[in-house]
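# below is the structure, and that's it, no one-letter string:
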């Protein structure tokens, strides 16, 4: 399997070597929550958070009353998310699973994709995109934060990561218009202290 495996991520969490962790939920998630784009009224059903990591976004969504299922295949990340929820007296399903294999019991109402795609080697992107579409019911939103982290080595053809650079043209090919409804650009840019940024895009499954 190309790219980092579960042990790679397990080691990162065990050693607290998680520089991508903002120490709280993404400011873009807060904007979507605050402006009503993400609300239990508009999302009638379960929302998944694949690659949940430390669980900040899981707790934020659960705190707003969402029915959340969080996924990660690093046991340490699963334990951390469960601990965070317990400390805040919040409820969510937290599942240790491979996102390329896992399937929900019934179609999901939404997916919040922030850290999973950019953590997967690009060889797995097509399979992951197919999974996201299979999880979601028709018309359901995919709240996506596409990581923008170009590197000099990429100009020479190297695939460097994680995080892997999610070029917007590649994203349009990965989530093609016949299968997904795209909003018109420009898209909001979400800066990160590590020097990278994300593009915030809400797609809808056709």
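Perfect, I can see it now. Keep in mind that what you see is a predicted model, and the values were worked out from it rather than measured.
# what's the neighbour count on the residue lying closest to residue 182 once chain neighbours are set aside?
Setting aside the residues directly before and after it, residue 182 is nearest to residue 203 in space (Cβ to Cβ, 6 or more residues apart in numbering), at 6.1 Å. All C-beta spots, glycine's among them, are computed from the backbone N, C-alpha and C. Using other Cβ atoms under 10 Å, the number of residues around residue 203 comes to 23.
# so residue 203 is in which element?
Applying DSSP states H and E as the criterion places residue 203 in strand 197-205.
# does residue 193 count as helix, strand or coil?
Following DSSP: H, G, I helix; E, B strand; the rest coil, residue 193 is assigned to coil.
# counting by contacts, list what the helix-or-strand element of the chain with minimal mean pLDDT packs against.
Using mean pLDDT, DSSP states H and E, the weakest-scoring helix or strand in the chain turns out to be helix 6-14, at a mean of 91. Contacts defined by 3 or more Cβ pairs under 8 Å, 6 or more residues apart in numbering; DSSP states H and E place helix 6-14 against helix 75-87.
# now the least confident helix or strand of the chain: how far from the chain's centre is it?
Here the centre of helix 6-14 is set off from its chain's centre by 18 Å, with Cα atoms, centre = their mean, to the nearest Å.
# could you list the buried residues of that helix?
For helix 6-14, burial by neighbour count (16 or more other Cβ atoms under 10 Å) applies to 6, 9, 10, 12, 13.
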